[in-house]
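S.K.: predicted coordinates and the sequence they were generated for:
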Amino acid sequence: MAGFLTGQEKSGSAPGAAARPGEAPAAADSGAPLGVYVHVPFCATTCDFCAFYQTVPKADAVPRYLAGIREEMALVDLSAGAAEAADVVGRGLPTPPRNTVQQRSPAGSGDPARQQTASRSASARRRVHTAFWGGGTPGLLRAGELEQLGRAMLDFCGGSAPAEWSVELAPATVTAERLAVLRQLGVTRISLGVQSFDDALLDALGRQHTPAQIRRAYDLIRAIGFPSVNLDLMFALPNQTEAQWRADVDAAVALAPDHLSTYCLTFEEDTALWVKLSQGKVKLDAEKEAVFYQRTWDYLAAAGYAQYEVSNFARPGHACAHNLNTWRMHEWIGFGPSAASQFAGERASNPPDLAQWHADLAAGRRATADRTALTPALLAADAVIFGLRMNEGVSLPHLQRRFPTAAWSGLHDLLPKLLIEGLVTASPEGGVRLTPRGRLLADAVGAEVLEAFAVEPKADAR
Ligand SMILES: C[S@@+](CC[C@H](N)C(=O)[O-])C[C@H]1O[C@@H](n2cnc3c(N)ncnc32)[C@H](O)[C@@H]1O
Ligand code: SF4
């Protein structure tokens with residue numbers, strides 16, 4: 001999980017294909033949708049399974065963090081890709097849920113000269129299509145602090161809220177006051193970290209909330225009227241039975257969320273659960289995981305939630321546009337400690353350390369860790385790996401047009417094997433998708449795809 005997507009919604013990680021010697025950096029996708037991710041690195045306690053970067057906020061840590069976000073945003077030039085912005089390549093994003101809160105445009109002053117200047121600069125800026133605040137626990141910020149963070153975001157986006165703006169909240173942090181501020185800012189989507197409705201399992205995960213708090217938080221979110229609500233659930237937990245998981249899915253479906261993310265527990269290094277695993281106190285059980293996956297897909301399909309990615313399900317029109325943007329290897333800019341970016345020809349991360357992040361900003365630097373030039377090989381491999389995790393699969397002709405110089409011959413050699421093994425299906429037009437069996441083995445297929453892109457192109461390869 002600690003791949004370059006870390007800090008966005010949890011997803012499988014791709015190790016990333018190596019750049020071929022002498023290969024020129026590639027734009028992720030000129031003019032493609034742009035996302036903004038903000039990592040809020042604070043939690044009251046650490047859950048036993050969690051490896052996301054977070055820390056307990058001390059003294060003036062939050063005001064300093066908020067100032068740091070503004071400093072970091074000032075270091076990014078959003079007009080950099082403006083010339084490419086008109087040239088939209090790719091399938092683009094599905095229509096995100098409508099943002100019903102209209103932000104007042106700074107251009108709306110009635111002064112024609114100001115309006116002209118504003119519209120000139122607006123046309124020169126890249127538009128931010130989606131935003132995602134994750135963590136950590138954004139809900140640990142007070143209402144006034146959320147407002148400050150929101151104002152910084154809106155300023156960065158040129159005054160208007162992105163069409164889709166998601167905020168992750170842990171149930172224990174949800175209050176009517178915080179929600180009202182978020183909705184007022186233009187937040188369209190709340191992602192609630194439920195994990196389970198079972199008291200004992202919540203306790204075993206080190207969570208701070210009870211099932212009653214989940215229901216209270218959900219009712220408050222619905223009462224404010226966010227257009228889209230997601231619930232995060234986790235399965236294949238130590239000692240969790242199939243009946244318990246079924247009860248969790250039923251409880252989630254009974255609340256009628258618009259979106260469900262169901263994550264198979266991963267034992268992340270340096271977590272309390274990892275220690276238990278290494279001490280033999282809990283065990284990995286791949287067969288149990290496969291059964292849970294399969295059951296989840298069946299239950300949720302029957303309940304009217306369409307699967308659109310290995311771990312993600314939505315009612316029509318509620319797929320998370322921000323994550324789709326990421327998985328389709330478009331561009332996003334990450335702010336805050338540990339946040340990753342893929343922007344302006346480069347992939348890079350911020351240090352997963354609040355003090356180091358502040359020190360970098362004081363020196364006028366951002367995105368200082370894991371810098372990689374975006375090459376066609378890197379983007380093509382990741383577009384296939386992450387694309388296959390989505391139910392829509394990938395269109396090879398489309399990706400070959402997007403990244404013509406990547407080593408496609410290796411993938412074409414691999415495909416017959418994946419077809420014979422029943423892991424993928426292929427259409428005459430070049431669309432490739434994982435079968436349900438392939439979806440269960442998505443990580444293994446991803447590893448083979450990565451290897452295929454790493455082979456040298458054959459002499460006769462075009
Ligand atoms: C960034 S995390 C945390 C969101 C928020 N702080 C909360 O806990 O409510 C987003 C989601 O990733 C999932 N997650 C985190 N670590 C995981 C792990 N080790 N295995 C499976 N899912 C995990 C959880 O479902 C969690 O809600
Ligand atoms: S509250 Fe969320 S981010 Fe914080 S430790 Fe728990 S899962 Fe991780």
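M.R.: Arrived safely. Ligands and ions are numbered 1, 2, ... in the order given.

S.K.: what about the closest residue to residue 125 other than its chain neighbours, neighbour count?
M.R.: Here the nearest residue to residue 125 in space, its sequence neighbours aside, is residue 78; by Cβ to Cβ, 6 or more residues apart in numbering that works out to 4.9 Å. From N, CA and C alone the C-beta is placed, and that goes for glycine too. Using other Cβ atoms under 10 Å, residue 78 has 20 other residues around it.

S.K.: didn't residue 78 look like it was pressed against residue 331?
M.R.: No - with contact defined as Cβ atoms under 8 Å, residue 78 does not reach residue 331; the gap is 11.1 Å.

S.K.: all helices of the stretch 51-200 of the chain, in order?
M.R.: 61-74, 82-85, 112-124, 143-156, 176-185, 199-204 (DSSP state H, counting those that start in this stretch).

S.K.: quick one: low-confidence ranges for this protein?
M.R.: Flagging of the chain using pLDDT under 70 yields the residue ranges 1-31, 80-124, 455-462.

S.K.: who does the residue in it that ligand 1 sits nearest to bridge with?
M.R.: Distances between the chain and ligand 1 by Cβ to the nearest ligand atom are smallest at residue 193, namely 1.8 Å. For residue 193, the beta-bridge partners are residue 232 (DSSP bridges).

S.K.: wait, what's in contact with it?
M.R.: Going by Cβ atoms under 8 Å, 6 or more residues apart in numbering, residue 193 touches 168, 169, 170, 171, 232.

S.K.: ok, now which ones touch the third one?
M.R.: With contacts defined as Cβ under 8 Å, 6+ apart, the neighbours of residue 170 are 43, 137, 139, 140, 192, 193, 208, 209.

S.K.: can we see that at 7 Å?
M.R.: 137, 139, 193, 209 (Cβ atoms under 7 Å, 6 or more residues apart in numbering).

S.K.: quick one: which of those residues is nearest residue 425?
M.R.: Nearest to residue 425 among these, counting by Cβ to Cβ, is residue 193 at 34.4 Å.

S.K.: enumerate the residues of the stretch 101-250 of the chain near ligand 1.
M.R.: 134, 135, 137, 168, 170, 193, 195, 232, 234 (Cβ under 6 Å from any ligand atom).

S.K.: residues contacting the last one?
M.R.: What that stands for is residue 234. 195, 196, 263, 265.

S.K.: state the number of residues packed around the second one.
M.R.: In other words, residue 196. Using other Cβ under 10 Å: residue 196 sits among 25 other residues.

S.K.: next one: the first one
M.R.: By other Cβ under 10 Å, 25 other residues sit near residue 195.

S.K.: can you tell me how far it sits from ligand 2?
M.R.: Using Cβ to the nearest ligand atom, to the nearest Å, we find residue 195 at a distance of 8 Å from ligand 2.

S.K.: got it, and the second one?
M.R.: Relative to ligand 2, residue 196 is positioned 12 Å away (Cβ to the nearest ligand atom).

S.K.: wait, doesn't that residue sit right on residue 247?
M.R.: No - judged on Cβ atoms under 7 Å, residue 196 makes no contact with residue 247 at a distance of 9.3 Å.
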